[in-house]
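Student: Predicted model and sequence below, questions to follow.
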Amino acid sequence: MPVTFASSVPEDSSALILPLGKGKPLDTATKELSADAANLVKRAAEASRFEGDLGSIVEIFDETKHGTRRIVIVGAGNGDDTESLQKAGGAAMAKLLTSGETALAFDARTSGEKDAGSRMAFGALQRSWRLDSYRTKAPAKTKPTVEEIAVVANDAEAKRWDHFQALYAGIALARELVTEPPNIIHPQGFVERCRPLSELGVEIEVLDRDEMTELGMGALLGVAQGSIREPKLLVMRWDGTGGAQKNPVAFVGKGVTFDTGGISLKPGPGMEDMKFDMGGAAAVAGAMCALAGRKAKAHVVGVCGLVENMPGSNAQRPSDIVTTMSGQTVEVLNTDAEGRLVLCDAMHWTQEKYSPEVMVDLATLTGAMIIALGHEHGGCFSNDDGLADQLLAAGTGSGDKLWRMPLGKPYDKLIDSPIADIKNVGPREAGSITAAQFLQRFVKDGVKWAHLDIAGTVWMKSASNLWDKGATGYGVRLLDRFIADNFEG
Ligand code: BES
Ligand code: MN
Ligand code: ZN
């Protein structure tokens, strides 16, 4: 959806959207309207008990000399939420997307916050995203009508829009990868969707099954062997430092394009959710898209371990022992604890190849993470307090929130195997932590590492101000902010 900038409200926009902070007098938002329109807004606000609560809306229709115009006042809350303007813009879009309106104008000049109109438009874009390509019979009334957005703002703000646009492109890519069905987004399909990133200057490399066999990635390949879909290791590198930053920051994503559980088969009800088991990889791809799109002055590599976890006559069995690329052996007691098996080889390879000082992995790794944190925070496990603080700050600042979780020797003991070096599951208790301990055994000395278990945040069963129900694009804003605040000095 095209976003343009204008110094005053375009006359041909069909709907005008104005934000209002909670408890602020209405005329701060309506002062540029005609006296009649402002008066009507006032009466409508009183009648509907509108007070500026975040995302609440009051609207009127005004007769202008260019025809009828809808005027939407949207609550921007009390400022205790860093995303409030995004959410206000998103709330307006949720209301208007299929309303018949075609051209929206956001005028947030009275807000006082930097880039207020852009933030609203950014939120509106996020809320407008949907995947309609499989609906062949959607009734006309359910189809989106909004075609364009205008932001009323000065030139300086307009110049900064590229940044939001790039971030939105990254979020959209992540949501697309998560939402598309697993018969389309299998490992090869995932790779194909990411190939166009090369046009932004991202260097793309893809390792196939033979190359991974050669490298000894027995754990990743063990997961993949039950599927006829060939696994892929997708590597995306962006260097915006012109070679000045030698070792890239590394992001590693779990990309299980569908997780049936394998021979340790999951129960049928709800299994369809496991198309989002590549949400970590999608966040990594989306972040690379955003960083390259806005030409971030940092050197970053994103690595996605892409496999399909299927039962089948060649699938691995509970009690199989596999040898990882690191040389450590793993007793596979539960083929449904496959994410860690994919990540351990992807992480080891990443460290061998790029010697990163900082490595962050993202994964929809454990159901236990959802039991612990619900859908509000991702879990952050780290061997370095400074890195954890940076990530938590990026989470709070970006809206993709994180909560710190513990690691420690007593947890690590729980995954010692009686026959191999490690077993791939611990007891029921602390399931998210033992999964993190498993990964930590593949982190080299000196590498600052964090593991983000995002099982609860990549997919939502209900809509919010920034997304319709389904894929959230979680992780893209987080990783983008993490790089911006710590590596672009
Ligand atoms: N992909 C799942 C984790 C998951 C479950 C993510 C539900 C989002 C929603 C993962 O591969 C898995 O199956 N984990 C098991 C681990 C267990 C076998 C130790 C789990 O969480 O039950
Ligand atoms: Mn699983
Ligand atoms: Zn999984």
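Tutor: Now that the structure is in, tell me what you want to look at. Residues are numbered from 1 along each chain as shown. Ligands and ions are numbered 1, 2, ... in the order given.
Student: Can you get me a residue count around the residue in the stretch 251-400 of the chain positioned nearest to ligand 3?
Tutor: As assessed by CB to the ion, ligand 3 sits closest to Asp259 within the stretch 251-400 of the chain, at 3.7 Å. Placement of C-beta: from N, CA and C, glycine included. For Asp259, the count of nearby residues is 26 (other CB atoms under 10 Å).
Student: per-residue confidence for it?
Tutor: Asp259 is assigned 99 on the pLDDT scale.
Student: quick one: it and Thr366, what's the gap?
Tutor: Counting by CB to CB, to the nearest Å, the gap from Asp259 to Thr366 is 12 Å.
Student: My read is that Ile370 contacts Thr457, right?
Tutor: No: look at Ile370 against Thr457 with CB atoms under 8 Å: they stay out of range, at 9.1 Å.
Student: any idea which helix or strand carries Ala105?
Tutor: strand 103-107 (DSSP states H and E).
Student: For the very next helix or strand once past that strand, C-alpha coordinates in PDB please.
Tutor: Following strand 103-107 in sequence order, the next helix or strand is helix 116-128 (DSSP H and E). Taking Å, rounded to 0.1, in the frame of the first residue of the first chain, the C-alpha atoms of helix 116-128 are listed here in PDB:
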ATOM      1  CA  ALA A 116       3.900  10.800  15.100                       C
ATOM      2  CA  GLY A 117       2.100  10.600  11.700                       C
ATOM      3  CA  SER A 118       4.600   8.100  10.500                       C
ATOM      4  CA  ARG A 119       4.200   5.900  13.500                       C
ATOM      5  CA  MET A 120       0.500   5.900  13.000                       C
ATOM      6  CA  ALA A 121       0.900   5.000   9.300                       C
ATOM      7  CA  PHE A 122       3.400   2.300  10.300                       C
ATOM      8  CA  GLY A 123       0.900   0.800  12.700                       C
ATOM      9  CA  ALA A 124      -1.900   1.100  10.000                       C
ATOM     10  CA  LEU A 125       0.300  -0.800   7.500                       C
ATOM     11  CA  GLN A 126       0.900  -3.600  10.000                       C
ATOM     12  CA  ARG A 127      -2.800  -3.900  10.800                       C
ATOM     13  CA  SER A 128      -3.700  -3.900   7.000                       C
END
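Student: Give the pairing partners of the helix or strand that helix 116-128 is followed by; include direction for each.
Tutor: The helix or strand immediately downstream of helix 116-128 is strand 148-152, counting by DSSP H and E. Using DSSP bridges, strand 148-152 pairs in its sheet with strand 3-6 (parallel), strand 103-107 (parallel).
Student: what does the worst-scoring helix or strand of the chain on mean pLDDT rub up against?
Tutor: In the chain, the helix or strand scored least confidently by mean pLDDT, DSSP states H and E is helix 27-30, which has a mean of 92. For helix 27-30, contacts defined as CB atoms under 8 Å, 6 or more residues apart in numbering pick out Leu18, Pro19, Leu20, Gly21, Ala37, Ala38, Val41, Lys42, Ile73, Thr110.
Student: Stretch 447-464 close to ligand 1?
Tutor: Yes: using CB under 6 Å from any ligand atom, stretch 447-464 reaches ligand 1 at Ala455.
Student: Now do that stretch, average pLDDT.
Tutor: In this model, stretch 447-464 has a mean pLDDT of 98.
Student: same check, this time on stretch 418-437
Tutor: Mean pLDDT, stretch 418-437: 98.
Student: what about it and ligand 1, touching?
Tutor: Yes: contact of stretch 418-437 with ligand 1 (CB under 6 Å from any ligand atom) involves Val425, Gly431.
Student: How far does that stretch sit from its chain's centre?
Tutor: 27 Å (CA atoms, centre = their mean, to the nearest Å).
Student: Also stretch 288-303?
Tutor: In terms of CA atoms, centre = their mean, the centre of stretch 288-303 is set 15 Å apart from its chain centre.
Student: So for it, what gets flagged as buried?
Tutor: Residues of stretch 288-303 classed as buried: 288-294, 296-303 (neighbour count, 16 or more other CB atoms under 10 Å).
Student: tell me which of those residues is nearest to Asp336?
Tutor: Of all those, Asp336 sits closest to Val303, with 23.0 Å by CB to CB.
Student: Can you get me a residue count around Thr323?
Tutor: By the criterion of other CB under 10 Å, Thr323 has 16 neighbours.
Student: same check, this time on Ala388
Tutor: A count of nearby residues for Ala388, using other CB under 10 Å, gives 18.
Student: contacting residues for it?
Tutor: Cys380, Ser382, Arg404, Ala450.
Student: tell me the secondary structure for it?
Tutor: Here Ala388 is recorded as helix under DSSP: H, G, I helix; E, B strand; the rest coil.
Student: Okay, it and Gly302: tell me how far apart.
Tutor: Distance, Ala388 to Gly302, by CB to CB: 20 Å.
Student: Let me have the contacts of helix 27-30 in JSON lines, adding secondary structure and neighbour count as columns.
Tutor: Listed next are the contacts of helix 27-30 as JSON lines, based on DSSP: H, G, I helix; E, B strand; the rest coil; neighbours: other CB atoms under 10 Å:
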{"residue": "Leu18", "secondary structure": "strand", "neighbour count": "29"}
{"residue": "Pro19", "secondary structure": "strand", "neighbour count": "32"}
{"residue": "Leu20", "secondary structure": "strand", "neighbour count": "28"}
{"residue": "Gly21", "secondary structure": "coil", "neighbour count": "21"}
{"residue": "Ala37", "secondary structure": "helix", "neighbour count": "19"}
{"residue": "Ala38", "secondary structure": "helix", "neighbour count": "18"}
{"residue": "Val41", "secondary structure": "helix", "neighbour count": "25"}
{"residue": "Lys42", "secondary structure": "helix", "neighbour count": "17"}
{"residue": "Ile73", "secondary structure": "strand", "neighbour count": "26"}
{"residue": "Thr110", "secondary structure": "coil", "neighbour count": "17"}
